[in-house]
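Asks: show me the folded form of this:
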Amino acid sequence: MSENDLNRRSFLGKTAIGMTGATLATSAVSAMSASSYNRIIGSNDRINIGFLGCGSRSKGHQNMVKLSAKDKNLGVVAVCDLWTVNREKTAARCKDLFGAEVQKFKYSEDMLKMPELDAVMIATGDFQHAKLLAEVVKAGKDCYCEKPMSISVDEAKLAREAVLNSKQVAQMGSQWVSDPMQIKIRDFVRSGKLGQITKIEQVWNDNGPRWHDPKDPDIAAIRESDTDWKRWLLGKPYVPFDPYKYFEFRIFREYSGGITSQWMSHGISLVHFYTDTAIPDSMVANGGIFGWPDMRQNPDTFQALATYDDAKFMYSYTSNYASKFGDYTCIRGKEGTLYAHGGEGCPRWFFIPEHLDLPAGFDFYEGLKEAVKSGKAEMITHQDYGMKLPPVGLDDDSKYHLDNWVDCMRSRNPNTNGNIHTGFWHSIGTIMATQSYREGKKLYWDREKELIVDHL
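Replies: Residues are numbered from 1 along each chain as shown. Model (predicted):
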């Protein structure tokens, strides 16, 4: 069964038989230990969470849990990080946030033996996510895994197989798919008001040496003796210890795609969410290191073009890290356009009907304001904002998304917002974009063999 055969609304009924037609090897099925059955979460029981990887994104995870701790009855019982300093800092922060002592672990397998641990939130390096996700669910723990789920096709398959062969509830850190405004946009697209959609554009920018800070105090502070460098590499080819690679993995080819793994993974997840599609059929990408010629190996300027053949639309993704101006998302249909005036997660959306016949060079700010005022165009609203103009961006730390994961853990519903299949889809899409950029050629997804190929 191809990815496009998957309808999210029938996900639960199809999970048991698998979503791609691939036969799942029984040797990969890990039996849950007896201890993992000792805690069956009831509707009122506290859910105990552990943090795996205690860097900057983990602080966001801690903030999310704090936002929901009281009304969702959540507790924090453990932190795990290879670096001594991160473990100690995060344990102290958790005590301040949650008022409880937590256990500290260097290695994930030791933390996962805790019988009282129910769920794990992964915030490690991009290239580590898939293997750790598989490890967590095989240990009988539910899992929240930061995006990208994987930067490797084989490891994306490994993670998907592990989750589908477990009883665990997994959610990807693609938090915008739980945001009420993005759900309204998906419903608007599904309504057919746009007519046939032929193109979706995302332009999300920054201006700065993204992910590289020569003055980062952690770079100066870390010593190889305070961590486990070989374990951090997690199967990657051995190289001498490098604190820049350790903390700034996103700028190095071996450990991340950079823009693709980070920002585009959010973008393509939203495209799949809005349109009920999955992996692109084709992908071509270009770019370079133009604005910040430092030690980075991944581009600071990048553009990808993908096609979805059955749905008959093109997807354009662009990021530039040397000019911040002009973020937007545009969903173009024959009968109308949805336009978001802002970058990642922007809730400021407008609907512009094609019958307005707006000219090229239309004065967006004044003209659209008048069009909305006269009822010719529509500002998409939500109760969070009333009738006020929504902001151009939101905080990454989404209570909506975490609450969805918690609710699914309690009901044992695998169909989280951002479930394992959505993680597989965004992984393959971004891997295609990364590979196309690096190889300088157009690539295709073979849906039957589940392989990236250079011709069909």
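Asks: buried residues in stretch 92-104?
Replies: R93, C94, F98, V102, K104 (16 or more other C-beta atoms under 10 Å). Placement of C-beta: from N, CA and C, glycine included.
Asks: past the lowest-mean-pLDDT helix or strand in the chain, which element shows up next along the chain?
Replies: Sorted by mean pLDDT, DSSP states H and E, the helices and strands of the chain end with helix 11-15, the least confident at a mean of 36. Downstream of helix 11-15, the first helix or strand assigned by DSSP states H and E is strand 47-52.
Asks: need the contact partners of that next one.
Replies: Residues outside strand 47-52 that contact it (C-beta atoms under 8 Å, 6 or more residues apart in numbering) are 41, 58, 61-62, 65, 72-81, 90, 94, 102, 108, 111, 114, 116-124, 132, 136, 141, 406, 409-410.
Asks: filter the residues you listed down to the buried ones.
Replies: Buried among the contacts of strand 47-52 by 16+ other C-beta under 10 Å: 41, 58, 61-62, 65, 72, 74, 76-81, 90, 94, 102, 108, 111, 114, 117-124, 132, 136, 141, 406, 409-410.
Asks: let's see which of those end up in helices.
Replies: 58, 61-62, 65, 72, 90, 94, 108, 111, 132, 136, 406, 409-410 (DSSP state H).
Asks: which single one of those is nearest to P359?
Replies: H61 (46.8 Å; C-beta to C-beta).
Asks: and the residue nearest to Q202 when sequence neighbours are not counted, how far is that from N48?
Replies: Nearest residue to Q202, sequence neighbours excluded (C-beta to C-beta, 6 or more residues apart in numbering): G267, at 4.6 Å. Remark: distance between G267 and N48 (C-beta to C-beta, to the nearest Å) = 34 Å.
Asks: neighbour-wise, which of those two wins?
Replies: Using other C-beta atoms under 10 Å, the more surrounded residue of G267 and N48 is G267, with 30 against 20.
Asks: what's the first helix or strand after the host helix or strand of the more buried one?
Replies: Element membership for G267 (DSSP H and E) is helix 265-275. Where DSSP H and E defines the elements, the next helix or strand beyond helix 265-275 is strand 282-288.
Asks: that next one - contacts with which helices or strands?
Replies: strand 301-308, helix 420-439, strand 443-446 (3 or more C-beta pairs under 8 Å, 6 or more residues apart in numbering; DSSP states H and E).
Asks: just the pLDDT for the residue located most distally from the centre of the chain.
Replies: No residue in the chain sits farther from the centre than S374, which is 38.5 Å out by C-alpha atoms, centre = their mean. S374 carries a pLDDT value of 82.
Asks: also Y238?
Replies: pLDDT, read off for Y238, is 98.
Asks: looking at this, it is in a strand?
Replies: No. According to DSSP: H, G, I helix; E, B strand; the rest coil, Y238 belongs to no strand; its state is coil.
Asks: isn't the residue nearest to Q202 right up against Y317?
Replies: Yes. Counting by C-beta atoms under 8 Å, G267 touches Y317, with 5.2 Å between them.
Asks: what sits in contact with each of these two?
Replies: Taking C-beta under 8 Å, 6+ apart as the criterion, G267 and Y317 both touch Q202.
Asks: circling back to that earlier point, next, format the ones in helices among the buried ones among the contacts of strand 47-52 as a markdown table and append pLDDT.
Replies: Below are these laid out as a markdown table (pLDDT from 0 to 100):
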| residue | pLDDT |
| --- | --- |
| S58 | 98 |
| H61 | 98 |
| Q62 | 98 |
| V65 | 98 |
| K72 | 97 |
| T90 | 98 |
| C94 | 98 |
| S108 | 98 |
| M111 | 98 |
| L132 | 98 |
| V136 | 98 |
| V406 | 98 |
| M409 | 98 |
| R410 | 97 |
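Asks: would you check which pair of these lies furthest apart?
Replies: The widest separation within these (C-beta to C-beta) is 25.8 Å, between T90 and R410.
Asks: then stretch 369-379 to CSV, C-alphas only?
Replies: Taking C-alpha atoms only, stretch 369-379 is exported to CSV below (Å, rounded to 0.1, in the frame of the first residue of the first chain):
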residue,chain,number,x,y,z
LYS,A,369,-7.4,45.4,4.6
GLU,A,370,-10.0,47.0,2.5
ALA,A,371,-11.0,43.7,0.9
VAL,A,372,-11.5,42.2,4.3
LYS,A,373,-13.4,45.2,5.5
SER,A,374,-15.8,45.1,2.5
GLY,A,375,-16.2,41.3,2.8
LYS,A,376,-14.5,40.4,-0.4
ALA,A,377,-11.6,38.7,1.4
GLU,A,378,-11.6,36.8,4.7
MET,A,379,-9.2,36.9,7.7
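Asks: hmm, who's touching that stretch?
Replies: For stretch 369-379, using C-beta under 8 Å, 6+ apart, the contacting residues are W349, F350, F351, I352, P353, L356, L368, L389.
Asks: cool, stretch 330-344 as well?
Replies: Counting by C-beta under 8 Å, 6+ apart, 176, 185, 188-189, 193-201, 204-205, 263, 266-267, 274, 327-329, 346-354, 364, 380, 391-393 sit against stretch 330-344.
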